[in-house]
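S.K.: quick check, what structure comes out for this input:
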Amino acid sequence: MADAGADRITVDADTSGMASVPLDGTASRPRETVASWNWSWVDGNTGVTFTVAGATPVVRLPEGEHEITLAVTDVFGAVARSNVTVTVAAGPTASAEVSE
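M.R.: Numbers count the residues shown, from 1 in each chain. Predicted structure coming up:
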């Protein structure tokens, strides 16, 4: 059983338009028979598919909503999938005070 974790919102804290997002597939069971974890998502602006391997990768995502799929393959070759939605929200904006 693949488990990509709960949907979540993260903030673009440095206001770069991107955020580092940790993914976690370690709740996938039974852990003893997992051979690989592969994550994939499509960039909504470019249509490019991104993939990354590993149980707990950290990925950089632009602001917006992202549907990420975890595919877990076991030692017998069976594949299970789970999705997580990650929303990257705009970070705080600096406000300037103007005095007259």
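
S.K.: find me the pLDDT at Pro92, would you?
M.R.: On pLDDT, Pro92 comes in at 82.

S.K.: any idea what Arg81 is bridged to?
M.R.: In this entry, Arg81 is beta-bridged to Ala71, by DSSP bridges.

S.K.: from now on call the first residue 765
M.R.: Sounds good: first residue 765 from here, last item Arg845.

S.K.: what sits against it?
M.R.: Listed by CB atoms under 8 Å, 6 or more residues apart in numbering, the contact set of Arg845 reads Ala766, Thr833, Leu834, Ala835, Val836. All C-beta spots, glycine's among them, are computed from the backbone N, C-alpha and C.

S.K.: can you give me every residue that contacts the second one?
M.R.: What that stands for is Thr833. With CB under 8 Å, 6+ apart, Thr833 has these contacts: Ala768, Trp803, Ser804, Trp805, Arg845, Ser846, Asn847.

S.K.: would you confirm that the second one contacts Glu831?
M.R.: No. Contact status for Trp803 versus Glu831: not in contact, 11.3 Å apart, counting by CB atoms under 8 Å.

S.K.: compare those two (neighbour count), which wins?
M.R.: Neighbour count, other CB atoms under 10 Å: between Trp803 and Glu831, Trp803 has more, with 20 against 13.

S.K.: could you find the closest non-adjacent residue to that one?
M.R.: Nearest non-adjacent residue to Trp803, counting by CB to CB, 6 or more residues apart in numbering: Val816, 5.0 Å away.
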